[in-house]
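>>> Here is a sequence together with a model predicted from it:
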Amino acid sequence: MAADDRACTYARSVLRIIDDRTGEPVDAAPARRGLTRVEAHTEGFDVTALRVLLAADLLVRALELGGTPVWALLDEERQQAELRAGAAALGIRPFEDGRDATAGLGEAQVIHVVREGGGAEPDGVRLAVAPVHSQAPPEDADPAALRLALLSRRRSVPVELDAAALSDAHDTLLRWRGAVAAWARQPSRPIPDEVRAELRTAWEDDLDLPGVLGVLRWVESASDVPDGARFETFAYADRLLGLDLARDLGGLS
């Protein structure tokens with residue numbers, strides 16, 4: 001396939017999410033180049049609230065990667081300072097204060113990211129996030145490992161956040177960051193077309209982050225993928241994952 005044909009194929013791909021109101025998939029950006037407003041409703045501050053913010057952050061990143069302009073808002077009156085500090089630690093980009101944005105900007109789509117079974121039932125598309133059951137307070141966890149542990153389950157699946165899950169995520173991050181730093185020393189190679197397609201297929205299927213992570217695990221060990229292509233693949237996927245996988249570049253002698 002020629003480069004122009006590949007570009008057209010990727011441009012036609014559409015992020016689809018499950019609307020919690022109907023249980024049916026909808027386009028996250030139905031109007032071409034139209035603005036999408038993403039509102040996060042956390043209902044207080046706890047680990048599930050951070051998962052709601054993370055889901056909103058991932059949605060914003062995925063839409064931006066597809067060329068959709070996004071307006072990200074936090075609709076919460078309580079414990080905003082704690083929420084914003086926790087979000088920053090997890091690498092979640094800042095949200096505007098939804099209380100100051102009632103007029104709107106003529107957006108073509110509004111998506112509300114809410115707790116599964118929570119009290120918030122706003123009009124518009126709703127993206128529901130399952131709860132986190134934590135045996136350890138989040139302040140005791142490595143924030144990057146906590147982010148990866150939360151990414152390792154689809155957002156509709158509850159997360160059991162125990163010491164084993166955090167340890168596994170921490171070990172994976174160390175291994176991947178070291179590998180990315182090593183691969184960066186090799187000549188760059190393009191991302192294989194089938195790998196790029198699998199990544200996009202995963203994250204455009206209701207933000208299937210475990211699917212994205214599965215593609216990375218395959219690329220990590222595949223014997224026929226050059227190191228330079230591994231690096232480009234991980235760097236590309238990290239634009240969505242936000243795990244700072246290239247953090248250790250330049251750290252190898």
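Nice, thanks for sending it over.

>>> What is the neighbour count of the closest residue to Val47 other than its chain neighbours?
Nearest non-adjacent residue to Val47, counting by Cβ to Cβ, 6 or more residues apart in numbering: Val132, 4.3 Å away. Every residue, glycine included, has its C-beta placed from N, CA and C. By other Cβ atoms under 10 Å, the residues close to Val132 number 21.

>>> again, but for Leu35
Leu35 has 17 neighbours, counted by other Cβ under 10 Å.

>>> go on, His133?
12.

>>> Sheet partners, orientation included, of the one helix or strand it maps to?
In this structure, His133 sits in strand 132-134 according to DSSP states H and E. Sheet pairing of strand 132-134 (DSSP bridges) gives strand 159-161 (parallel).

>>> Could you give me the buried positions within the partner strand?
Val159, Leu161 (16 or more other Cβ atoms under 10 Å).

>>> tell me the mean pLDDT for it?
Averaged across strand 159-161, pLDDT comes to 91.

>>> how far is that strand from where the chain is centred?
With Cα atoms, centre = their mean, to the nearest Å as the basis, strand 159-161 stands 17 Å off its chain's centre.

>>> After it, which helix or strand is next?
Following strand 159-161 in sequence, per DSSP H and E, is helix 163-183.

>>> The nearest residue to Leu63 once chain neighbours are set aside: neighbour count?
Leaving aside its sequence neighbours, Leu63 sits nearest to Val70 (Cβ to Cβ, 6+ apart; 4.9 Å). Using other Cβ under 10 Å, Val70 has 21 other residues around it.

>>> tell me the contacts of Val70?
Each residue near Val70 by Cβ atoms under 8 Å, 6 or more residues apart in numbering is listed here: Leu35, Thr36, Arg37, Val38, Val60, Leu63, Glu64.
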